[in-house]
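Chemist: Predicted model, plus sequence, below.
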Amino acid sequence: MMIAKQKFVTINKWAVFAAIFLYLIGIFSPLKYLQPGLLFVFFAGFLSLFHKDYLAPKPRTAGMLWLLPVWITIFTATTPLTTGNGNPLLFLLSLLCGLIPCILLLTGSSEEKMPKRPRLKIVVVRTIVQSSIFVIWASLTSYCFIKGTRPDMLFWAAFHVSTVAIFPVFFGRAICGWICPNATMQDALYKNMTFKRPIENLPRAIEAQSSTACMNISGKVDARAPLFPATLLLSWFPMFFAETIWDLTGVAWYPIVFMYGLIVLSLVFKWRKMCTHFCWLSSYRGIGCHNSLWRIRYNRSQCKQCKVCAAEKACPFYIDIRNQDNEMPATCCLCFSCMEACPFEGVITYTRNPVEKARLKLEAKTGIIEPKPEATKAA
Amino acid sequence: MAEIAEERYITPLAKWSRVLEIFIPGYMFGKAWGIANEHTVDLYRAIFPGFLIDMAEGMKGWLIQTDSAPLERLFSTCSGALVGFLVILVLGAFMHFALGDRKYIDSLRFTSITLIPLAVMNGTLSHVTNTLFETLGGGETIETLTKSAVDSPTNQIRMFCVFYMLAIWMLGKRTGVVGKRRWFVLLVGIGFLAAYFYLGLGITPQEAAEVLPKMMAAHGQH
């Protein structure tokens, strides 16, 4: 069977959707049944979607990846994560969830051509980390939910606080690009689900305020500038209020419903709008990532102004990297998509070009700023 | 330059954002002190500074008394939040003096935003305490609960210090607090943490010995 790129995406996408559906049925119905193979359907599906350009021309390789959920489903047939005696129907459906894409891809062939530029190693590592973390997160939360134990709240609180207070100093907002399960879901599905989102943009006043909040603009800000978007503050308060009043923190279903609620909302809003307008972790990291140790460098002198890096879907946060000079873009989640999108060598790099370094040093010394090659819209 | 910078962020919603930035972190920071119930209040007095818990408990008396558990939690939360605002108002005054370059409202925003990591830690401490107490009998005992509280202060203190100092440093850097002023702001932060710990954040073995029998009696009635 011929598998064109679009068909490859469709197979993976629907397998992931089916896995999400079965996961939710298993967890939230009285069955309380989870087949571990389903978690690996997420892994195989997300990884294939992240690497669709590279795996679509080689469907058999992707088919081999899909063997992982199939084998895990078979090996855990007698020991699924459940409170009862298991459920043959859900087991069969879980097996089919991995088996159908596996057979389709293993028996398929493609006439697609590999992209000319090889995939950046860092992007490969990122996507593997993202998919793995999603599986770990889904396993942990579902285990706690099925077994009725509460997640270790102190650990999660320390994790949350350390990722907002310590990580940004060293890794900027890498957590948003590498770890966050909500972001993983958005990345995998937004790029491959091309339907028009019901809410492309929030009202203009909200967009204007969010885009000028400290968390979203680079460099030093005026002392009077708002730090967070109003939407975040307004949504934050009722959420924490409800959590306290109805005493939801220790309830096992709260974190899982909260996270899946975020994921569903991510399908309603445009790519990463949730992160920009509603995520307090993302906001706090946006404030702290100024001058982080690990960051991307834009070397203006090498840039040919082709604007590929500023194109739709090149950056999850729609940053025009050409506006940056020596500052870390506040919303950059270090996904390195712009670095991969750039067709030229040495424009977006890990370390600064010596010519650029000299220019910045001179500018700092003399105070005379060299004009940019082309005026672009404000970051 | 100042006018140009101002144009970048003065939007119709900006003023709301600026106000909410004081109230919401303030609420988060203080609510933990208010949500002790009759069974856990002694433990709360031992874990958190006792006078803050007493203030919150006193405010609860002002607010409407109800039999509804969610409403009771609502008023408890509000009373804690009010104490939180008071702390922010006082700390904000010191910060305002140290920052020296902005209006009092902006110093308050600075103060409340930097307290968010501590607010999360406070909230977690209180929620963990409440949840553990509610689930006692399911493998947990009063002794293990109190022992875990006694064993944790060193880590707790370390975490509070690192998170708060980093928050001050990072926000100071972003909002242009430079030179000596940044060190002054850090000093205010250190002073606040020292006062917070001196006034009783973290349970001591002596406090644990006093609280333990009361907790056991409370749990017996629970």
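Modeler: Nice, I can see it.

Chemist: Which residue comes closest to B:Lys214 once chain neighbours are left out?
Modeler: Beyond its immediate neighbours in the sequence, the residue positioned closest to B:Lys214 (C-beta to C-beta, 6 or more residues apart in numbering or on different chains) is B:Asp42, lying 4.7 Å away. (Glycine included, C-beta is placed from N, CA and C.)

Chemist: That neighbour: neighbouring residues, count only.
Modeler: Neighbours of B:Asp42 under the rule other C-beta atoms under 10 Å in any protein chain shown: 21.

Chemist: From chain A, how far off is it?
Modeler: Between B:Asp42 and chain A the distance is 20 Å, computed by C-beta to the nearest C-beta, to the nearest Å.

Chemist: Let me know how buried B:Thr49 is, in neighbour terms.
Modeler: If you look again at residue B:49, you'll see it is Pro, not Thr. Count around B:Pro49 with other C-beta under 10 Å applied: 19.

Chemist: dump the residue contacts of it.
Modeler: If you count contacts by C-beta atoms under 8 Å, 6 or more residues apart in numbering or on different chains, B:Pro49 has them with B:Tyr196, B:Leu199, B:Gly200, B:Leu201.

Chemist: Just checking the longest helix along chain B against chain A, any contact.
Modeler: In chain B, taking DSSP state H as the definition, the longest helix is helix B:69-99. Yes: figure legend: helix B:69-99 in contact with chain A (C-beta under 8 Å from any C-beta of the partner chain); contacting residues B:Ala69, B:Pro70, B:Arg73, B:Leu74, B:Thr77, B:Leu99.

Chemist: B:Phe197: what's its closest spatial neighbour, skipping adjacent residues?
Modeler: With C-beta to C-beta, 6+ apart, the residue lying closest to B:Phe197 is B:Ile157, at 6.3 Å.

Chemist: And the contacts of the strand or helix carrying that neighbour?
Modeler: Secondary structure here is read from DSSP states H and E; on that basis B:Ile157 sits in helix B:153-174. Outside of helix B:153-174, the residues within contact range by C-beta under 8 Å, 6+ apart are A:158, A:161-162, A:165-166, A:168-169, A:214, A:220-221, A:227, A:287-288, A:290-291, B:110, B:113-118, B:121, B:125, B:181-182, B:185-186, B:189-190, B:192-193, B:196-197, B:201-204.

Chemist: swap in stretch A:68-78?
Modeler: Contacts to stretch A:68-78, defined as C-beta under 8 Å, 6+ apart, come from residues A:35-38, A:40-41, A:43-44, A:86, A:91, A:94-95, A:97-99, A:102.

Chemist: Looking at the residues you listed, which are in helices?
Modeler: Those of those lying in helices (DSSP H): A:36-38, A:40-41, A:43-44, A:91, A:94-95, A:97-99, A:102.

Chemist: which one among these gets closest to A:Val125?
Modeler: Taking C-beta to C-beta as the measure, A:Val125 sits nearest to A:Phe43 out of the ones in helices among the contacts of stretch A:68-78, at 14.9 Å.

Chemist: shouldn't that closest one be in contact with A:Ile136?
Modeler: No: with contact defined as C-beta atoms under 8 Å, A:Phe43 does not reach A:Ile136; the gap is 10.0 Å.

Chemist: Show me which of those two is the more surrounded one.
Modeler: In this comparison of A:Phe43 against A:Ile136, neighbours counted by other C-beta under 10 Å, the higher total goes to A:Phe43 at 24 against 13.

Chemist: Next up, the contacts around that one.
Modeler: With contacts defined as C-beta under 8 Å, 6+ apart, A:Phe43 is in contact with A:Leu68, A:Pro69, A:Ser131, A:Ser132, A:Phe134, A:Val135.

Chemist: so how far is chain B from it?
Modeler: From A:Phe43 to chain B the distance is 30 Å (C-beta to the nearest C-beta).

Chemist: roughly how far apart are that residue and A:Pro36?
Modeler: 11 Å (C-beta to C-beta, to the nearest Å).

Chemist: Also A:Leu22?
Modeler: Applying C-beta to C-beta, one obtains 12 Å for the distance of A:Leu22 from A:Pro36.

Chemist: Over to B:Gly26?
Modeler: In this structure, B:Gly26 and A:Pro36 are separated by 44 Å, where distance is defined by C-beta to C-beta.

Chemist: okay, these two: which has more neighbours?
Modeler: Each of B:Gly26 and A:Pro36 had its neighbours counted (other C-beta under 10 Å), and the higher figure belongs to B:Gly26 (25 against 18).

Chemist: Check the secondary structure at that one for me.
Modeler: The three-state assignment at B:Gly26 reads helix, by DSSP: H, G, I helix; E, B strand; the rest coil.

Chemist: tell me the pLDDT at it?
Modeler: Listed pLDDT for B:Gly26 reads 87.

Chemist: Quick check: it touching B:Val83?
Modeler: No: B:Gly26 is beyond contact range of B:Val83, at 9.7 Å (criterion: C-beta under 8 Å).

Chemist: Not counting sequence-adjacent ones, nearest residue to residue 163?
Modeler: Just going to use chain A. Spatial nearest neighbour of A:Thr163, chain neighbours left out: A:Ile175 (4.9 Å); criterion: C-beta to C-beta, 6+ apart.

Chemist: Correction: the question concerned chain B.
Modeler: For B:Phe163, the closest residue by C-beta to C-beta, 6+ apart turns out to be B:Pro117, at 3.8 Å.

Chemist: ok, that neighbour - contacts?
Modeler: Taking C-beta under 8 Å, 6+ apart as the criterion, B:Pro117 is in contact with A:Val161, A:Val164, A:Ala165, B:Phe163, B:Tyr164, B:Leu166, B:Ala167.

Chemist: The fifth one - how many residues pack around it?
Modeler: B:Tyr164 has 23 neighbours, counted by other C-beta under 10 Å.

Chemist: Could you measure from the residue nearest the centre of chain B over to chain A?
Modeler: Centroid-nearest residue in chain B: B:Phe29, 3.5 Å away (criterion: C-alpha atoms, centre = their mean). Distance from B:Phe29 to chain A, counting by C-beta to the nearest C-beta: 11 Å.

Chemist: In chain B, where is pLDDT below threshold?
Modeler: Low-confidence segments of chain B, defined by pLDDT under 70, are located at B:1-8, B:64, B:128-153, B:202-205, B:208, B:211-212, B:215-216, B:218-222.

Chemist: Just give the nearest non-adjacent residue to residue 52, would you?
Modeler: Went with chain A since none was named. Spatially, and ignoring its direct neighbours in sequence, A:Lys52 is nearest to A:Val9 (5.6 Å; C-beta to C-beta, 6+ apart).

Chemist: was after chain B, sorry
Modeler: Going by C-beta to C-beta, 6+ apart, B:Leu52 has B:Trp33 as its nearest residue, at 4.9 Å.

Chemist: Go ahead and confirm the one you found touches B:Tyr44.
Modeler: Yes: with contact taken as C-beta under 8 Å, B:Trp33 and B:Tyr44 are classed as touching, separated by 7.4 Å.

Chemist: the more surrounded of these two?
Modeler: In this view B:Trp33 and B:Tyr44 are compared by other C-beta under 10 Å, and B:Trp33 has more residues nearby, 28 against 25.

Chemist: host element of the residue nearest to B:Leu52?
Modeler: Assignment of secondary structure by DSSP H and E places B:Trp33 within helix B:14-34.

Chemist: That helix to helix B:69-99, inter-axis angle?
Modeler: Computed with axes from the mean of the first three to the mean of the last three C-alpha atoms, to 10 degrees, the direction of helix B:14-34 lies at 120 degrees from that of helix B:69-99.
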